[in-house]
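Colleague: Sequence first, then the predicted structure, then my questions.
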Amino acid sequence: MNSITRRDFVKSSLAAGAIAALPFSRVRGANDTIRIGVVGLGGRGANAHVPSFENLKNVTVVAVSDPDRERMGQTAQAIESKYNHGVDQYVDMRRLLDRKDIDVIGNATQNYWHGLSTIWACQAGKHIYVEKPLSHFIWEGRQMVNAVRKYDRIAQCGTQHRSEQMFHDGIRWIREGHLGKIKLITAFANKIRQSCGKRETPLPLPETLDYDLWCGPAKKVPIYRDKLQYDCSFDWNTGDGESCNQGVHEIDVARWCLGETKLPRRVMSIGGRFVFNDACDVPNTQIIYYDFPTAPILYEVHNLTEAKGSTKAPTTRGERVGVIVDCEGGSVSLYRGIAWDNEGKEVAKFSGRGDHFANFIEAVRANRREHLNAEILVGHTSTAVCHTGNISYRLGEKASVKEMRAQVRDIPPFSEMFDRFLEHLSAHGIDADAGTVTLGPWLDIDRDNERFKNNDRANRLVRGFYRAPYVVPDLTA
């Protein structure tokens, strides 16, 4: 396969929803040092943002921020040890954002903090690389896009497959029609997760933590799980479950492949939180149907092992996490970079990686928004798609297998996914007819306004909830 050109990269991004170029006030030369502030110092902040920025020429991290002073101090110490320079530390990110000498914010906060912190960064005149999922609510994501537009910032979402050569080449090959029309896309995440525990008394919080800042826009409530940090992704107050936490990567690739730039026409989800009687409340087994005009995207989550007593992860068509595109003349595994015809014969392979952080810095230096491979609008749309599936689930009720089958039987591929769902539950000794499974309603979507049609409860979840004074502003023009 020929390598993709810069023109192809730009065309691909535009086709996926990136906007046309806008003028910017400043172009930074290759020898100008870009100064970074990193906020949120968990795994992505400390272990991805810091080294990824530091390893780029004439880019340096000068400040870090986290409401946990111990975690922040450990990161600052690691930077000094590895990169031979100190950094300033701020418990409150707003003090970091006040720094006029900082050009860029690496935002690796938890996703319930992404919206407000990104808007603050834009208001402070910073460009920003923000992790996925982009937002905690659909409306919030749109306000992030509005902030980037209003303050003329460059903003990249951390959906890094957009910068990987193999995905560009594979998607281009599919679009060229080598296997005919796309029939459907199946995306999946079979990632084993442990129970988050269920305490009888609230989790003691370390003295090094400013808990009010840590909660930010979320409700400030006692924690009854065993760990404060990463498991907050599996609590609706602060997280959005695996179908958004991991799922935004797969949904982003699938949506990109289809060339869809809006939300699906309708959505429905089935699932539940099984085996674990713990303090987390998002589903750990879930299937979702996203009805796009071009072709449907089906998504499934398995956070349990393949069966009771097993230590192995389930697989979907032999893969643990991935996106498989089924076409009239064959299929493509975009995560493995392999295409095969309807007889199972391999007909093409794709390879090559990329550097998402380098792509972002290139765009900042050039002050060219269209150079971004995952501009914030791209990240917003893909994250919002994931939110629609979770909203269906959150509005659902316990149902019988008969009731669930009645809702999926007219859609053969989703009916087949539902059968796999039941087999998986059975392998764990779970009776799906015992009131254990939540059946979400079909929700019709107003694609132009990113809302649901005739459903106030669903639209309340679109709008979101915020704790004063950490309220996301309405920046609608």
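Modeller: Sure, I can see it.

Colleague: residues contacting K100?
Modeller: By Cβ atoms under 8 Å, 6 or more residues apart in numbering, the contact set of K100 is empty. Placement of C-beta: from N, CA and C, glycine included.

Colleague: That one falls within a strand, correct?
Modeller: No - counting by DSSP: H, G, I helix; E, B strand; the rest coil, one finds K100 to be coil, located in no strand.

Colleague: would you say A363 is within a helix?
Modeller: Yes - using three-state DSSP, the assignment for A363 is a helix.

Colleague: On the pLDDT front, check the residue nearest to it when sequence neighbours are not counted for me.
Modeller: Closest residue to A363 apart from its sequence neighbours, by Cβ to Cβ, 6 or more residues apart in numbering: H371 at 3.9 Å. Reading off the confidence values, H371 has pLDDT 98.

Colleague: I'd like to know how many residues surround H371.
Modeller: By other Cβ atoms under 10 Å, the residues close to H371 number 22.

Colleague: hang on, it packs against I361?
Modeller: No - H371 lies out of contact with I361 (Cβ atoms under 8 Å); the separation is 10.0 Å.

Colleague: Please enumerate the strands of the stretch 251-400 of the chain.
Modeller: For the stretch 251-400 of the chain, strands defined by DSSP state E, counting those that start in this stretch occupy the ranges 266-272, 285-291, 297-302, 321-327, 330-333, 338-341, 346-349, 397-398.

Colleague: what's in contact with the fifth one?
Modeller: Where contact means Cβ under 8 Å, 6+ apart, the residues beyond strand 330-333 that reach it are 170, 173-174, 179, 317, 319, 322-325, 338-342, 347-348.

Colleague: same question, the last one
Modeller: Applying Cβ under 8 Å, 6+ apart, the external contacts of strand 397-398 come out as G435, T436, V437, T438, L439.

Colleague: What is the distance between stretch 316-324 and the centre of its chain?
Modeller: 18 Å (Cα atoms, centre = their mean, to the nearest Å).

Colleague: Could you list the buried residues of that stretch?
Modeller: T316, R320, V321, G322, V323, I324 (16 or more other Cβ atoms under 10 Å).

Colleague: can I see the domain layout of the protein?
Modeller: According to automatic domain parsing, the chain is divided into the following domains: 6-163+355-376, 165-352+382-447.

Colleague: Switch the ones you listed over to CSV; also include distance to R463.
Modeller: Output for those, formatted as CSV (distance: least, Cβ to Cβ, whole Å):
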stretch, distance to R463
domain 6-163+355-376, 5
domain 165-352+382-447, 11
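
Colleague: I'd like to know which of those has the weakest mean confidence.
Modeller: domain 6-163+355-376 (a mean of 90).

Colleague: The spatially most central residue of the chain and S81, how far apart?
Modeller: Central residue of the chain (Cα atoms, centre = their mean): P133, 2.9 Å from the mean position. Between P133 and S81 the computed distance is 32 Å (Cβ to Cβ, to the nearest Å).

Colleague: From H127, how far out is the residue nearest to A363?
Modeller: Distance from H371 to H127, by Cβ to Cβ: 12 Å.

Colleague: D433 now?
Modeller: From D433 to H127 the distance is 53 Å (Cβ to Cβ).

Colleague: neighbours of L372, just the number please.
Modeller: Using other Cβ under 10 Å: L372 sits among 29 other residues.

Colleague: same check, this time on Q160
Modeller: By other Cβ under 10 Å, neighbour count at Q160 equals 23.

Colleague: That one reaches H356, doesn't it?
Modeller: Yes - between Q160 and H356 there is a contact at 3.9 Å, judged by Cβ under 8 Å.

Colleague: so what sits against both of these two?
Modeller: A374.

Colleague: For the longest strand along the chain, which strands pair with it and how are they oriented?
Modeller: Using DSSP state E to define each element, the chain has its longest strand at strand 182-190. Using DSSP bridges, strand 182-190 pairs in its sheet with strand 297-302 (parallel), strand 321-327 (antiparallel).

Colleague: relative to strand 285-291, how tilted is that strand?
Modeller: 160 degrees (axes from the mean of the first three to the mean of the last three Cα atoms, to 10 degrees).

Colleague: Can you name the element that comes right after strand 182-190?
Modeller: Later in the chain than strand 182-190, the nearest helix or strand by DSSP states H and E is helix 211-215.

Colleague: List the buried residues of that next one.
Modeller: Buried residues in helix 211-215 (16+ other Cβ under 10 Å): L213, W214, C215.

Colleague: Stretch 435-453 too?
Modeller: Buried positions in stretch 435-453, judged by neighbour count with 16+ other Cβ under 10 Å: V437, T438, L439, G440, P441, L443, D444, I445, R447, E450, R451, F452.

Colleague: how about JSON lines for those, with distance to V148 added?
Modeller: Conversion of the buried residues of stretch 435-453 to JSON lines gives the following (distance: Cβ to Cβ, whole Å):
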{"residue": "V437", "distance to V148": "40"}
{"residue": "T438", "distance to V148": "36"}
{"residue": "L439", "distance to V148": "38"}
{"residue": "G440", "distance to V148": "32"}
{"residue": "P441", "distance to V148": "33"}
{"residue": "L443", "distance to V148": "28"}
{"residue": "D444", "distance to V148": "29"}
{"residue": "I445", "distance to V148": "24"}
{"residue": "R447", "distance to V148": "21"}
{"residue": "E450", "distance to V148": "16"}
{"residue": "R451", "distance to V148": "21"}
{"residue": "F452", "distance to V148": "25"}
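
Colleague: quick one: which of those residues is nearest to A121?
Modeller: Using Cβ to Cβ, E450 is the member of the buried residues of stretch 435-453 that lies nearest A121, at 22.6 Å.

Colleague: didn't that closest one look like it was pressed against A384?
Modeller: Yes - between E450 and A384 there is a contact under Cβ under 8 Å: 6.3 Å.

Colleague: which residues do these two both contact?
Modeller: Common neighbours of E450 and A384, using Cβ under 8 Å, 6+ apart, are I138, R142, L263.

Colleague: Let me have those residues in a markdown table, extended by distance to T294 and neighbour count.
Modeller: Formatted as a markdown table, the shared contacts of E450 and A384 follow (distance: Cβ to Cβ, whole Å; neighbours: other Cβ atoms under 10 Å):
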| residue | distance to T294 | neighbour count |
| --- | --- | --- |
| I138 | 21 | 25 |
| R142 | 23 | 22 |
| L263 | 13 | 24 |
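
Colleague: Go through the residues you listed and say which is closest to N47.
Modeller: Nearest member of these to N47, counting by Cβ to Cβ, is I138, at 29.4 Å.

Colleague: so who does that closest one touch?
Modeller: I138 makes contacts with A384, H387, T388, E450, V462, G464, as judged by Cβ under 8 Å, 6+ apart.

Colleague: Spatially nearest residue to the third one (excluding sequence neighbours)?
Modeller: Once its chain neighbours are removed from consideration, T388 has its nearest residue in V267; the separation is 4.4 Å (Cβ to Cβ, 6+ apart).

Colleague: Count the residues that sit near the one you found.
Modeller: Residues lying near V267 (other Cβ under 10 Å) number 28.

Colleague: tell me the contacts of it?
Modeller: I288, Y289, Y290, D291, T388, G389, I391, S392, W442, L443, I445.

Colleague: Now a ChimeraX select for only the buried ones of those residues.
Modeller: Burial among the contacts of V267 is assessed by 16+ other Cβ under 10 Å; the matching ChimeraX selection reads:
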select :288,289,290,291,388,389,391,392,443,445
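
Colleague: Sweet, I'm off.
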